[in-house]
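Visitor: Mind folding the following:
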Amino acid sequence: MRTAYITHPDCRTHDTGTGHPENAARLFAIEDRLVASGLDSVLRNIDAPLVTEEQLLRVHPRAYVERIRAAIPETGYVRLDPDTVVSPGSLNAAYRAAGAVVAGVDLVMKGDVDSAFCGVRPPGHHAESAQSMGFCLFNNVAVGAAHALEAHGLKKVAIVDFDVHHGNGTEEIFDGDERILFCSSFQHPFYPFTELLENTPNRISVPLDAGAGSEEFRTAVTDHWLPALEAFEPEMVFVSAGFDAHRDDDMSQVSLTDADYRWVSERIVEIANKFASDRIVSTLEGGYELNSLARCVEAHVRILMGIHP
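Guide: Residues are numbered from 1 along each chain as shown. Predicted coordinates:
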């Protein structure tokens, strides 16, 4: 299958300061791995555009967008909260990160590619409609999903989120929107400590206890995500691809393996193949141990491309 890799050098200029786990080394590790594996030469490499005001305003109020703009310093760093740091390059990086998912939607909908992976930062799934948090400024996957609905006229899209932290922003933005199915699994109780809401036909949340591993994760996907996705029949599948539940990543107490990320990627591709004409747009969220991050992104991209072990 034809797969695009969408990124931009601006995403490396979002400087979060010494010692911050969400840093540019993440993208360098991923890109080095894609080159070393040979995938870089067969992916369609695309520069992420800047998101437009119209695209952002589908999910974020104007006052919030202006507040983020105003917070960006000319020099140095500003903390928006204890975790979320911005610096002079942060705004363009955030515009590129959201713009990458929009570009992925356009490429897939035009039939230029079957799928896209957005290697971007800052991540997005914690950003609520009017609140930055958890390293996130704009909700990249939400901007892309709204674009698929509003600009391309799709009626039903699914977002699956396997980051170890709950995608509270995505959940809040699309709460009650029957055009969206949001499936997530995450360690609980854990950051961002949001209230667990009752599952509905459009919201499937599967909390994982600290210490959970492959069996618990695969059961969550098999018993909860897959039946909901089958019933929903999405026309496009979005992935909030966080790799911080890996056993080598000390950001959580969940212990997944490289094989688990290959496995869940295969299940997602099967759903997209069955209902969505193979249309998948995946975007990077968490994953902070550089070796496991790079390996698992490679595995995820291989599955998107139809290359199986």
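Visitor: mind listing the helices for the stretch 51-200 of the chain?
Guide: When assigned using DSSP state H, counting those that start in this stretch, the helices of the stretch 51-200 of the chain occupy the ranges 53-57, 62-71, 90-110, 140-150, 168-173.
Visitor: from those, which stretch is densest packed?
Guide: For the helices of the stretch 51-200 of the chain, the largest average neighbour count (mean count of other C-beta atoms under 10 Å) is found in helix 140-150, namely a mean of 27. The way it works is simple: take the backbone N, C-alpha and C, and place the C-beta from them, glycine included.
Visitor: Can you show me the CA trace of it as PDB?
Guide: Only the C-alpha atoms of helix 140-150 are listed here, as PDB (Å, rounded to 0.1, in the frame of the first residue of the first chain):
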ATOM      1  CA  ASN A 140      -3.800  17.500  15.800                       C
ATOM      2  CA  VAL A 141      -5.900  14.400  15.300                       C
ATOM      3  CA  ALA A 142      -9.100  16.300  16.100                       C
ATOM      4  CA  VAL A 143      -8.200  19.000  13.500                       C
ATOM      5  CA  GLY A 144      -7.700  16.300  10.900                       C
ATOM      6  CA  ALA A 145     -10.900  14.400  11.800                       C
ATOM      7  CA  ALA A 146     -13.000  17.600  11.600                       C
ATOM      8  CA  HIS A 147     -11.400  18.300   8.200                       C
ATOM      9  CA  ALA A 148     -12.400  14.900   6.900                       C
ATOM     10  CA  LEU A 149     -16.000  15.500   8.000                       C
ATOM     11  CA  GLU A 150     -16.400  19.200   7.000                       C
END
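Visitor: quick one: it to helix 90-110, angle?
Guide: Interaxial angle, helix 140-150 versus helix 90-110 (axes from the mean of the first three to the mean of the last three C-alpha atoms, to 10 degrees): 40 degrees.
Visitor: Show me what helix 140-150 is packed against.
Guide: The criterion is 3 or more C-beta pairs under 8 Å, 6 or more residues apart in numbering; DSSP states H and E, and the helices and strands that helix 140-150 contacts are helix 53-57, helix 90-110, strand 157-161, helix 168-173, strand 236-241, strand 280-284.
Visitor: who's in contact with it?
Guide: Counting contacts by C-beta atoms under 8 Å, 6 or more residues apart in numbering, the residues outside helix 140-150 that touch it are 51, 55-56, 58-59, 97-98, 100-102, 104-106, 109, 118, 120, 123-125, 127, 154-155, 157, 159, 161, 169-170, 173-174, 179-180, 236, 238-240, 281, 283.
Visitor: okay, the angle between that helix and strand 236-241?
Guide: Orientation of helix 140-150 against strand 236-241 (the same axes, to 10 degrees) gives an angle of 170 degrees.
Visitor: and helix 140-150 with strand 157-161, angle?
Guide: Put simply, helix 140-150 runs at 170 degrees to strand 157-161, going by the same axes, to 10 degrees.
Visitor: Give me the nearest residue to the residue nearest the centre of the chain, chain neighbours excluded.
Guide: If you average the C-alpha coordinates of the chain and look for the closest C-alpha using C-alpha atoms, centre = their mean, you land on Ser240, 2.6 Å from that point. Ranked by C-beta to C-beta, 6 or more residues apart in numbering and with sequence neighbours excluded, the top spatial neighbour of Ser240 is Asp161, at 3.8 Å.
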